[in-house]
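Enquirer: Give me coordinates for this.
(one chain, ligands or ions: 2)
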Amino acid sequence: MIHLKTNEEIQSIRESAKILAQTHGEVARLIKPGVKTKVLDQRAEEYIKDKGGIPSFLKYNGFPYSLCISVNDTVVHGFPGEYELKEGDVVSVDCGVRYKGYHSDSAYTYPLEGASTEVLNLLHRTYDSLYLGIGQAKAGNRIGDVGYAIQSFVESFGYGVVRELVGHGVGQQLHEDPEVPNYGKRGKGPKIVAGMVIAIEPMINLGTKNVVQEKDGWTIRTADRKPSAHFEHTVAVYEDRTEILTTHEDIEKNYSYKWRNKSR
Ligand code: MG
Ligand code: MG
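Expert: Ligands and ions are numbered 1, 2, ... in the order given. Purely as a prediction, here's the structure:
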């Protein structure tokens, strides 16, 4: 069942999303070779709580951390821990905030300096595919239009679109209906209408689309151990426009490696 949101509810999600964006910005300051991924998680939890929010992921279905940190061949749901980031890594940071009873959800994948051109291209194109998907998330379209836009773009480069994990509605629950796959057919799936708030989150693999789950019950890796990228925004649909409630601006301001400026 899809819960459509009132403007008041969207305002709460917008406020949640602002804390989330700032949290990502704080994490971005810390990302560099030598930092342990648990340090990023600790900073995010502390910052969210300081702002009066609740980390959405902490204890969600038993997940033990505030961030999912997924390095290199980990697609999503990686555990923060003792691992020290190093030159050439790609690290996906996924975070959610609950504020005034409403969640917001967004993710960003960072290349560290030294990442190969092949990997930078994967990140550029996954980033671009997120905005192509958002461009189709408008009233009157269907969910399949979003997935089609993402899939057709990234597959043209030979990348794999993860099937097992998808975007979703966002509201009083972190994960609501509808599911928002990163693959699909034009004109298929639930109709997109005003009041929908959805998280769009392409998870795109350099190689095979196939993934495996680790024994910890969470960590999802690529089956061929090649790198993966993940970018996510929470968006609200109105009759005449779609608003991106989350933002990556704080990340891009605070992260020292200006990789988006690199030509592709
Ligand atoms: Mg997320
Ligand atoms: Mg999500």
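Enquirer: How about the longest helix along the chain, which residues are buried there?
Expert: If you go by DSSP state H, the chain has its longest helix at helix 7-30. Within helix 7-30, the residues that count as buried by 16 or more other C-beta atoms under 10 Å are 9-10, 12-28, 30. Backbone N, C-alpha and C define where each C-beta goes, glycine included.
Enquirer: So for it, mean pLDDT?
Expert: For helix 7-30, mean pLDDT rounds to 98.
Enquirer: Check which element follows that helix along the chain.
Expert: Using DSSP states H and E, the helix or strand that follows helix 7-30 in sequence is helix 37-50.
Enquirer: Name the residues of the protein found near ligand 1, please.
Expert: Within the chain, the positions adjacent to ligand 1 are D94, D105, A107, E232 by C-beta under 5 Å from the ion.
Enquirer: what's the neighbour count on the second one?
Expert: So that's D105. Neighbours of D105 under the rule other C-beta atoms under 10 Å: 28.
Enquirer: quick one, whichever strand or helix holds it and helix 7-30 angle?
Expert: Counting by DSSP H and E, the element that carries D105 is strand 102-111. Using axes from the mean of the first three to the mean of the last three C-alpha atoms, to 10 degrees, the direction of strand 102-111 lies 30 degrees away from that of helix 7-30.
Enquirer: For Y108, give me its contacts.
Expert: H24, A28, S92, V93, F231, E232, H248, I251 (C-beta atoms under 8 Å, 6 or more residues apart in numbering).
Enquirer: go again using 7 Å as the cut-off
Expert: H24, V93, F231, H248, I251 (C-beta atoms under 7 Å, 6 or more residues apart in numbering).
Enquirer: try T74
Expert: Residues in contact with T74 (C-beta under 7 Å, 6+ apart) are T219, I220, R221.
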